[in-house]
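S.K.: I would like the atomic coordinates for the input below:
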Amino acid sequence: MSKTIKKIGVLTSGGDSPGMNAAIRSVVRTCAFHNIECFGIYRGYQGMIEGDFKEMGPRSVNNIVNKGGTILKSARSKEFMSAEGRKKAYDNLVKAGIDAFVVIGGDGSFTGALVFNKEFNFPVIGIPGTIDNDIFGTSHTLGYDTALNTVVEVIDKIRDTASSHNRLFFVEVMGRDAGHIALNAGIGAGAEEILIPEEDLGLERLVESLEKSKLTGKSSSIVVVAEGDKTGKNVFELKEYVEEHMPEYDVRVSVLGHMQRGGAPSCFDRVLASRLGVKAVESLLENKTNFMVGLINDKVALTPLEQAIKGHCEVDKELLRVSDIMSI
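M.R.: Residues are numbered from 1 along each chain as shown. Modelled structure (predicted):
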């Protein structure tokens, strides 16, 4: 164990995701296990700039493993993007005696941590928390599994209405730059078509596919659309296009929005958060810094933060093939 690290801070930054509380709990209790003090940093990097710290012990994280969101709150901080803002944050950490911190968030949060480390040589470790699953160096980010289950459950309910009324539903899910939620939830919920940012299906092919489905006896259809779909059309424009070319369909739109980011985390996310929190703290105690902890081949592994930020996280091509076969 390193003698230099006696106090570790933990913060959540960027968008919230289910499993963040479970990760906070894991960091706090791993610190306690190793007789290290732990401080919660409230409201992300903005709280770091304002010195919004609170000491946390094992009992301060009771009954949060099952809660969505983050008890430490999250906020975007423009001030932290400036050298002056980061210097304020550094001074506050030093004043509080905090020797290192764990940041739970996405690539924006990791970029901030990386810059901070380069400027002040301050030990940092990242835990990936985002429902989009778009971070390189881990097969699963915190909240992704929960979001998938939420989306599938909602689409199942929508399908009941679609089949009762011979309707076509466009269901928009989160994923501006990554189609992981749309692709996996689409297959899991039996969607007829899946539109994602990584693949350009094209509007004509979409109509052809829907017409083919109709000819084979399908009286209702579900099309799952990632918000960053490559057709360049938003979900309401897609609706208008299909109505124009297939007037026989009663077309409806359902935008799932922020409900995907809420709710109690799944068992998978709770276990993942617990594993990543332990690895994050123990890596800092081993003098490892500038890494992200993630899941690779079901083993907890370290990826350099820079690689996690810049690396490209691709969708599974085999899943695209499976989706084509399943939509016949």
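
S.K.: distance of the residue most central in space within the chain relative to K317?
M.R.: The residue lying closest to the centre of the chain (Cα atoms, centre = their mean) is T130, at 1.5 Å. The spacing between T130 and K317, counted by Cβ to Cβ, to the nearest Å, is 22 Å. For glycine as for every other residue, the C-beta is placed from the backbone atoms N, C-alpha and C.

S.K.: hey, where'd the helices end up in the stretch 51-200 of the chain?
M.R.: For the stretch 51-200 of the chain, applying DSSP state H, counting those that start in this stretch gives helices covering 83-96, 107-120, 144-165, 180-188.

S.K.: in TSV: the ones you listed, plus mean neighbour count.
M.R.: Shown next, in TSV, are the helices of the stretch 51-200 of the chain (neighbours: other Cβ atoms under 10 Å):
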stretch	mean neighbour count
helix 83-96	16
helix 107-120	19
helix 144-165	19
helix 180-188	25
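
S.K.: do you know which of these lies nearest R275?
M.R.: helix 144-165 (13.3 Å; Cβ to Cβ).

S.K.: let me know the pLDDT of the residue nearest to the centre of the chain.
M.R.: What the model reports for T130 is a pLDDT of 94.

S.K.: and it, what is it in contact with?
M.R.: G14, G15, S17, G105, G106, T141, L142, G143, Y144 (Cβ atoms under 8 Å, 6 or more residues apart in numbering).

S.K.: ok, G19 touching L142?
M.R.: Yes. If you go by Cβ atoms under 8 Å, G19 and L142 touch, sitting 3.6 Å apart.

S.K.: looking at those two, which is more packed in?
M.R.: The neighbour comparison of G19 against L142 (other Cβ atoms under 10 Å) goes to G19, with 36 against 31.

S.K.: how about low-confidence regions in this protein?
M.R.: Along the chain, segments meeting pLDDT under 70 span 1-3, 201-202, 217-220, 229-232.

S.K.: circling back to that earlier point, please name the nearest non-neighbouring residue to the residue nearest to the centre of the chain.
M.R.: Sequence neighbours aside, G106 is the residue nearest to T130 in space, at 4.1 Å (criterion: Cβ to Cβ, 6 or more residues apart in numbering).

S.K.: for T216, same thing?
M.R.: Nearest non-adjacent residue to T216, counting by Cβ to Cβ, 6+ apart: I328, 7.7 Å away.

S.K.: same question for G175.
M.R.: Using Cβ to Cβ, 6+ apart, the nearest residue to G175 is A226, at 3.8 Å.

S.K.: C31: neighbour count?
M.R.: Quick note: C31 (other Cβ under 10 Å) scores 25 neighbours.

S.K.: surely it is in contact with V281?
M.R.: Yes. The criterion here is Cβ under 8 Å, and C31 meets it with V281 at 5.8 Å.

S.K.: this protein: strands as residue ranges?
M.R.: Secondary structure of the chain (DSSP state E): strands at 7-12, 37-41, 53-56, 100-105, 124-128, 167-173, 193-195, 221-226, 250-255, 291-296, 299-304.

S.K.: before we move on, back to that, who wins for proximity to K6 among the helices of the stretch 51-200 of the chain?
M.R.: Nearest of the helices of the stretch 51-200 of the chain (Cβ to Cβ): helix 83-96, 11.5 Å.

S.K.: show me what that closest one is packed up against.
M.R.: strand 7-12, helix 44-50, helix 107-120 (3 or more Cβ pairs under 8 Å, 6 or more residues apart in numbering; DSSP states H and E).

S.K.: what's the angle from it to strand 100-105?
M.R.: If you take axes from the mean of the first three to the mean of the last three Cα atoms, to 10 degrees, helix 83-96 sits at 130 degrees to strand 100-105.

S.K.: could you dump the helices and strands packed on helix 83-96 into TSV with distance to R321 added?
M.R.: Formatted as TSV, the helices and strands packed on helix 83-96 follow (distance: least, Cβ to Cβ, whole Å):
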stretch	distance to R321
strand 7-12	37
helix 44-50	40
helix 107-120	28
